[in-house]
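Asks: This is the structure alone, sequence omitted:
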């Protein structure tokens, strides 16, 4: 799923060609050249563009709706394996993926690996890893395609669909990782907390975990000053 990412889509699709035979994409109301890039790249097998004049509201369509549409697009391609990847992510360790997946016995339904949030905040350059490693050990993965998977929640559906876990074994592969740069500054994280709190004020879709605690290194949205002070304290402790 992508929106207004035309400036980096070509590069990302080239990287994906190392381990993917095809890409299915949902172009969610982009106003740049995203549609042109998707329709001209040979790796893109199926693409749906939602008109840009429909709405400029963030998450006008919920994640579950878009994911289920993307899963249907993938079903037409009859794939062996699937990975869900966003336009602000990159798979590291991709060079051995094809052989690794081909060697897995039929009993393996999915291969999980870490999802790591990068950090590039010039004002607080060491907040990661000083405040957190910003790593979800099983935050991403490849899974064998089957027709009965679906996204059950409006937001925050797992990268490996829940139904896959009943289809076989899920193994861990730390030789690869999915690098995510969508939360790479404190400003971006605060903006995400505000958006998620607006969309899901009870945090029900996040397993009851407050968005500020998860994204702001355990601190509340109202205590950004405390977060910065603690960061500076830890920074002084290693200087």
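Replies: Nice, I can see it. Being a predicted model, the structure only gives us computed values, none of them experimental. Numbers count the residues shown, from 1 in each chain.
Asks: tell me the centre residue of this protein?
Replies: With distances taken as Cα atoms, centre = their mean, residue 86 lies nearest the centre of the chain, 4.9 Å away.
Asks: Give the buried residues for the strand or helix carrying residue 225.
Replies: Counting by DSSP states H and E, the element that carries residue 225 is helix 224-238. Residues of helix 224-238 classed as buried: 224, 227, 230-231 (neighbour count, 16 or more other Cβ atoms under 10 Å). Where C-beta positions appear, they are placed from N, C-alpha and C, glycine not excepted.
Asks: Repeat that for stretch 63-79.
Replies: 63-64, 66-67, 69-71, 73-75, 79.
Asks: For residue 89, which residues count as its bridge partners?
Replies: residue 180 (DSSP bridges).
Asks: re the thing from before, just curious, which of the buried residues of stretch 63-79 is nearest to residue 98?
Replies: Nearest to residue 98, judged by Cβ to Cβ, of those is residue 79 at 13.0 Å.
Asks: quick one, what contacts the residue nearest to the centre of the chain?
Replies: 1-2, 180, 182 (Cβ atoms under 8 Å, 6 or more residues apart in numbering).
Asks: Ok, residue 6 next?
Replies: 30, 32-34, 36-37.
Asks: List buried residues within the contacts of residue 86.
Replies: Judged by 16+ other Cβ under 10 Å, buried ones among the contacts of residue 86: 1-2, 180.
Asks: ok, now how distant is residue 91 from residue 161?
Replies: Residue 91 sits 18 Å away from residue 161, going by Cβ to Cβ, to the nearest Å.
Asks: swap in residue 118?
Replies: Distance from residue 118 to residue 161, by Cβ to Cβ: 25 Å.
Asks: and residue 146, what does it touch?
Replies: 164, 167.
Asks: could the buried residues of stretch 63-79 be laid out in CSV, adding distance to residue 54?
Replies: Shown next, in CSV, are these (distance: Cβ to Cβ, whole Å):
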residue, distance to residue 54
63, 17
64, 18
66, 13
67, 18
69, 15
70, 18
71, 22
73, 19
74, 24
75, 25
79, 29
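Asks: Pipe these into TSV and attach pLDDT and distance to residue 236 per row.
Replies: As requested, the buried residues of stretch 63-79 are exported to TSV (pLDDT from 0 to 100; distance: Cβ to Cβ, whole Å):
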residue	pLDDT	distance to residue 236
63	93	40
64	94	45
66	95	45
67	95	44
69	95	50
70	94	47
71	94	49
73	94	51
74	94	50
75	92	55
79	94	51
